[in-house]
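Undergrad: Quick one: sequence plus predicted model below, questions after.
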Amino acid sequence: MRTGGSTGAGTLPAVPPYYLTTPIYYVNDAPHVGTAYTTVNADALARWHRLIGDDVFFVTGTDEHGAKIVEAAEAHGTSPQAWTDSTSARFVEAWKRLDISNDDFIRTTEPRHHAVVQEFLQRVYDNGFIELGLYTGLYCVSCEDYYTEEQLVDGKCPIHGRPVVQLQEENYFFRLSAFAQPLLDYYASHRDFVRPTTKRNEALGFIRGGLEDVSITRTSFRWGVPVPWDDGHVFYVWYDALINYLTVASYGSDPARFASLWGAAHHLIGKDILKFHCVWWPAMCMAAGIEPPAEIFVHGYLLMGGQKLGKTMIQAGVAGVGDDARRVRITDVSPLALADEFGVDPLRYHLLRDVPLGGDGDFSYEGIVSRYNADLANNLGNLVSRVATVVHSKCGGVGPAPDAASTLSDRVAEVLTASSEAWSRWAPHEALEATWKLIGAANAELEGTEPWKMPPGPEVDAVLGSALEVLRIVAVLVSPAMPGTAAEIWRRIGIEGDPSAARLPDDAAWGGYPGGVPVVKGEPLFPRRKG
Ligand code: MSP
């Protein structure tokens, strides 16, 4: 296998950087299937970019300041620091369990982050875009956001339905209003800055609707990054959180690294935080004299569909501090319990395959089961077991080399093109759909030729060798979605190494399966499940 990497001694062409982020998650809550949705999608994309040889830097983390965290800590009878330490650790553990391949994990309470926040906002202050003012407004602690009277529903927060509080503070304000025109110009000259188009239009709607200055500091509590030019204030949590994207890219500490990474920054976010990322953040960057990130992709929401969730799939207690009676909501569903029930890769596959990035989609127990049975048990798992069984009955357990003239080689080329194109559009579901067409074609080929009825010899070898070659390539193509399964397929067909370390397109060229290697007959990869 060719190996990637950016430090290749001057002989290799420079490897393009690809810097990808998830939102950093609030530690008032444990990881749930909604936050897993974003994280798994970002992870699959990072893995795909590694496969095509990009120098990937993929980061996630936790957002640990603000009133919401202080409130959660108090509700659990502990200090903000102890609370954030324990909840942040739950995110680290959960993402490890879900095979998330992040290269860094940022916690906003880290000294490296405080230093960058202070340096960045000092620059914005020195550039004249921050000034003192009196803030009076209605605030929802759950959103960490302000509302106008008109935006409230029955006098309560339109998202959380909880009472808002009247805040009056002397605050520093960011002069967001100065950036309406620069933002419109930026959007006009960077058509793909925000994707998909519906979300781009939404962001433009905010900007055209008029931008007011934003209060960015607090004096009512101390749990935040201190304002460097005024001891009495800490930064408002959103103003510190967005800057995490600069902290991990070495802003202010390693200018060369920052310059290379920042031009390749891609943020994946949910639609709930569009305004902060697509309006505030580029304006903040401009105010500090840096370019906005390269791209922001906004996905929709995973909504609760069928209610058939076993008790063990629902985590008690930590979600929705201060909320009323318990009812099953998406934030109550633990991705770890789902991984225990279905396996890590089937959960990842479901999250990637069933809710296309960009729109909203349903999450349900029945949905996972039916996808599992159709695609994993009946299709991929079936192909792996069939091929291994016939290699054992006809070829003494030794995998034959592929047929150079197999028509499946054309299907591989088509699927590779379709997948590359789909991943570049943030459409993992289409990339996987294309890959499953290839799996379906290999299964159909076996059904058409029926090698189990043939006598041992060159004809059966050609059919089975080609099926093994499809499996070798399929493992590479599914590795961004199901890294563990991909590695297991290679092990079973007798190939050493890890498909996640393959490089495309070279390693999908037809004919790579060596032949003459032992094929393992194992337990079904995905035993069929009852609904
Ligand atoms: N801390 C802020 C983000 C700061 S980024 C500089 C925050 N955190 S959060 O914990 O509330 O996570 C929000 C993100 O989690 C959403 O933007 C989205 O990516 C993901 N999701 C949370 N619930 C979700 C669903 N039900 N469905 C899909 N994604 C969900 O906001």
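TA: Great, that's in hand.

Undergrad: Quick check: which ranges of the stretch 51-200 of the chain have low pLDDT?
TA: Across the stretch 51-200 of the chain, nothing is flagged by pLDDT under 70.

Undergrad: Taking it, what residue is nearest to the ligand?
TA: Asp63 (3.4 Å; CB to the nearest ligand atom). The way it works is simple: take the backbone N, C-alpha and C, and place the C-beta from them, glycine included.

Undergrad: what does the stretch 201-350 of the chain give?
TA: For the stretch 201-350 of the chain, CB to the nearest ligand atom, closest residue to the ligand: Gly270, 2.6 Å.

Undergrad: Show me what that residue is bridged to.
TA: His299 (DSSP bridges).

Undergrad: my guess is it meets Ile296, correct?
TA: No - the criterion here is CB atoms under 8 Å, and Gly270 misses it with Ile296 at 11.3 Å.

Undergrad: Which of these two has more residues huddled nearby?
TA: Using other CB atoms under 10 Å, the more surrounded residue of Gly270 and Ile296 is Ile296, with 25 against 18.

Undergrad: What helix or strand is the more buried one located in?
TA: Using DSSP states H and E, the element containing Ile296 is strand 295-299.

Undergrad: and the helix or strand following that strand, what's its mean pLDDT?
TA: Once the chain leaves strand 295-299, the next helix or strand it forms, by DSSP H and E, is strand 302-304. On average, the pLDDT along strand 302-304 is 82.

Undergrad: count of residues packed around Ser79?
TA: Ser79: 13 surrounding residues under other CB under 10 Å.

Undergrad: and Val165, how many neighbours?
TA: For Val165, the count of nearby residues is 11 (other CB under 10 Å).

Undergrad: which ones are touching it?
TA: Leu138, Tyr139, Val141 (CB atoms under 8 Å, 6 or more residues apart in numbering).

Undergrad: same question, Phe258
TA: Phe258 makes contact with Leu246, Ala249, Ser250, Tyr251, Gly252, according to CB under 8 Å, 6+ apart.

Undergrad: Swap in 7 Å and give it another go.
TA: Ala249, Ser250, Tyr251 (CB atoms under 7 Å, 6 or more residues apart in numbering).

Undergrad: Kindly indicate the member of those with the most neighbours.
TA: Ala249 (26 neighbours).

Undergrad: Are we agreed that it is in a strand?
TA: No - counting by DSSP: H, G, I helix; E, B strand; the rest coil, Ala249 is not part of a strand but coil.

Undergrad: Tell me how many other residues surround the residue nearest to it when sequence neighbours are not counted.
TA: Using CB to CB, 6 or more residues apart in numbering and skipping residues adjacent in sequence, the residue nearest Ala249 is Leu261, 4.3 Å away. Each residue near Leu261 was counted by other CB under 10 Å, and the total is 21.

Undergrad: give the contact list for Val33.
TA: Taking CB under 7 Å, 6+ apart as the test, what Val33 contacts is Leu302, Ile330, Val333, Pro335, Leu338, Phe363.

Undergrad: Return the members of those residues classed as buried.
TA: The neighbour-count criterion (16 or more other CB atoms under 10 Å) marks Leu302, Ile330, Val333, Pro335, Leu338, Phe363 among the contacts of Val33 as buried.

Undergrad: isn't the fourth one right up against Ala94?
TA: Same thing as Pro335. Yes - contact criterion CB atoms under 7 Å: Pro335 and Ala94 qualify, at 6.4 Å.

Undergrad: Identify the contacts common to the two.
TA: Counting by CB under 7 Å, 6+ apart, the common neighbours of Pro335 and Ala94 are Pro31.

Undergrad: interface residues of the stretch 251-400 of the chain facing the ligand?
TA: Ile269, Gly270, Asp272, Ile273, Tyr301, Leu302, Ile330 (CB under 6 Å from any ligand atom).

Undergrad: element containing the residue nearest to Ala249?
TA: Assigned by DSSP H and E, Leu261 falls in helix 255-262.

Undergrad: Need the CA coordinates for that helix. CSV is fine.
TA: The C-alpha coordinates for helix 255-262 follow below in CSV (Å, rounded to 0.1, in the frame of the first residue of the first chain):
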residue,chain,number,x,y,z
PRO,A,255,1.7,30.5,12.1
ALA,A,256,2.9,28.1,9.4
ARG,A,257,0.6,25.3,10.6
PHE,A,258,-2.3,27.7,11.1
ALA,A,259,-1.9,29.1,7.6
SER,A,260,-1.9,25.6,6.0
LEU,A,261,-4.8,24.3,8.0
TRP,A,262,-7.1,27.3,8.1
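
Undergrad: on that earlier part again, quick check: pLDDT value at the residue of the stretch 201-350 of the chain closest to the ligand.
TA: At Gly270, pLDDT is 96.

Undergrad: Just to check, it is in contact with Thr38?
TA: Yes - Gly270 lies in contact with Thr38 (CB under 7 Å); the separation is 6.0 Å.

Undergrad: Show me whatever sits in contact with both of the two.
TA: Pro23, His299.

Undergrad: residue ranges of the helices in the stretch 401-531 of the chain, please?
TA: Under the criterion DSSP state H, counting those that start in this stretch, the stretch 401-531 of the chain contains helices at 408-424, 428-449, 458-478, 483-492.

Undergrad: Any idea which of these gets closest to the ligand?
TA: When the helices of the stretch 401-531 of the chain are ranked by proximity to the ligand (CB to the nearest ligand atom), helix 428-449 comes first, at 14.3 Å.

Undergrad: which strands and helices sit next to the closest one?
TA: Here helix 428-449 touches helix 344-353, helix 382-395, helix 408-424, helix 458-478, going by 3 or more CB pairs under 7 Å, 6 or more residues apart in numbering; DSSP states H and E.

Undergrad: okay, those helices in a markdown table with mean pLDDT next?
TA: Output for those, formatted as a markdown table (pLDDT from 0 to 100):
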| stretch | mean pLDDT |
| --- | --- |
| helix 344-353 | 97 |
| helix 382-395 | 98 |
| helix 408-424 | 97 |
| helix 458-478 | 98 |
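
Undergrad: So which of those helices is nearest Thr22?
TA: For those, the distance to Thr22 is smallest for helix 344-353, at 13.2 Å, taking CB to CB.

Undergrad: so how far is the closest one off the chain centroid?
TA: 12 Å (CA atoms, centre = their mean, to the nearest Å).

Undergrad: what's the following helix or strand after it?
TA: strand 361-363.

Undergrad: ok so, going back, and the residue nearest to the residue of the stretch 51-200 of the chain closest to the ligand when sequence neighbours are not counted, bridged to which residues?
TA: Computed as CB to CB, 6+ apart, the closest residue to Asp63 that is not its neighbour in sequence is Ile24, at 4.3 Å. Following DSSP bridges, Ile24 is listed with bridge partners Gly61.

Undergrad: Thank you kindly, that will do.
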